[in-house]
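Novice: output the structure for:
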Amino acid sequence: MEARLTPLYAIFKLNSQLFLNTLDGMDDDRASWRPTGQTNSAAWVALHLVDTRYFMATHISLTLVNPFAAMLKDARSIGDLRTLPRLEEVRTAWKHVTGEARVRFGQMTEAHLDVMASAKLPTDDASTLGMLSFLMHHESYHIGQLGLLRKQMGLPAMTYR
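Specialist: Reported below is the predicted structural model:
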């Protein structure tokens, strides 16, 4: 693995597990609960994270089919969806894209990381490395939201196991 990718890969691995840990013990009813009308549900946040992982996979040259692409095509917020997928479907998609991305991270070279990212993200570094850095932060942010939603549902705090 290219040395500059090592710390990001560590965050990727941690986020991969923490995402699943935040959903541990959560069922579809709890996941669809919203603390207020303006707050996203855990189901929406989890779906958004899976969608973002597929976005990342595409931009690191993986050709994977996001199983939720059609559902999310025109959705910009939770209000744009009539239904959300079952959590088990979300977990399965997360595990699939994560496994494929793990392999790809091991194949990436310095040249891959230095190429300009094909996506425009709010970061000063427009390279693929900059894009990956932003996306790892983005995942961490939303995993924190899932952890807070867990507690608001009355579930135990997320574990780091």
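Novice: state the distance from residue 132 to residue 6.
Specialist: When Cβ to Cβ, to the nearest Å is the yardstick, residue 132 and residue 6 sit 12 Å from each other. For the C-beta atoms, the positions are set from N, CA and C on the backbone; glycine is no exception.
Novice: these two: who's more crowded?
Specialist: Of the pair residue 132 and residue 6, residue 132 is the one with more neighbours under other Cβ atoms under 10 Å, namely 25 against 10.
Novice: so residue 98 is in contact with residue 52, correct?
Specialist: No - Residue 98 is not in contact with residue 52 according to Cβ atoms under 8 Å; the separation is 11.9 Å.
Novice: ok, those two, which is more surrounded?
Specialist: residue 98 (19 against 15).
Novice: residues contacting the more buried one?
Specialist: Contacts for residue 98 (Cβ atoms under 8 Å, 6 or more residues apart in numbering) come out as 16, 53.
Novice: beyond whichever strand or helix holds it, next helix or strand please.
Specialist: Here residue 98, judged by DSSP states H and E, is contained in helix 87-107. Sequence-wise, the next helix or strand downstream of helix 87-107 (DSSP H and E) is helix 110-114.
Novice: so which elements touch that following helix?
Specialist: helix 128-152 (3 or more Cβ pairs under 8 Å, 6 or more residues apart in numbering; DSSP states H and E).
Novice: distance-wise, check the most centrally placed residue in the chain relative to residue 113.
Specialist: The centroid of the chain falls nearest to residue 49 when counting by Cα atoms, centre = their mean (2.8 Å). Computed as Cβ to Cβ, the residue 49 to residue 113 distance reads 23 Å.
Novice: quick check: residue 30 touching residue 42?
Specialist: Yes - between residue 30 and residue 42 a contact is recorded at 7.2 Å, counting by Cβ under 8 Å.
Novice: overlap in contacts of those two?
Specialist: Any residue near both residue 30 and residue 42 by Cβ under 8 Å, 6+ apart counts here, and that gives residue 153.
Novice: comparing the two, which residue is more hemmed in?
Specialist: When residue 30 is set against residue 42 and neighbours are counted by other Cβ under 10 Å, the residue ahead is residue 42, at 27 against 18.
Novice: averaging pLDDT per element, find the lowest-scoring helix or strand in this structure.
Specialist: Per-element confidence for the chain was summarised using mean pLDDT, DSSP states H and E. The lowest value among helices and strands belongs to helix 69-72, with a mean of 88.
Novice: which strands or helices does it pack on?
Specialist: Helix 69-72 makes packing contacts with helix 42-59 when contacts are defined by 3+ Cβ pairs under 8 Å, 6+ apart.
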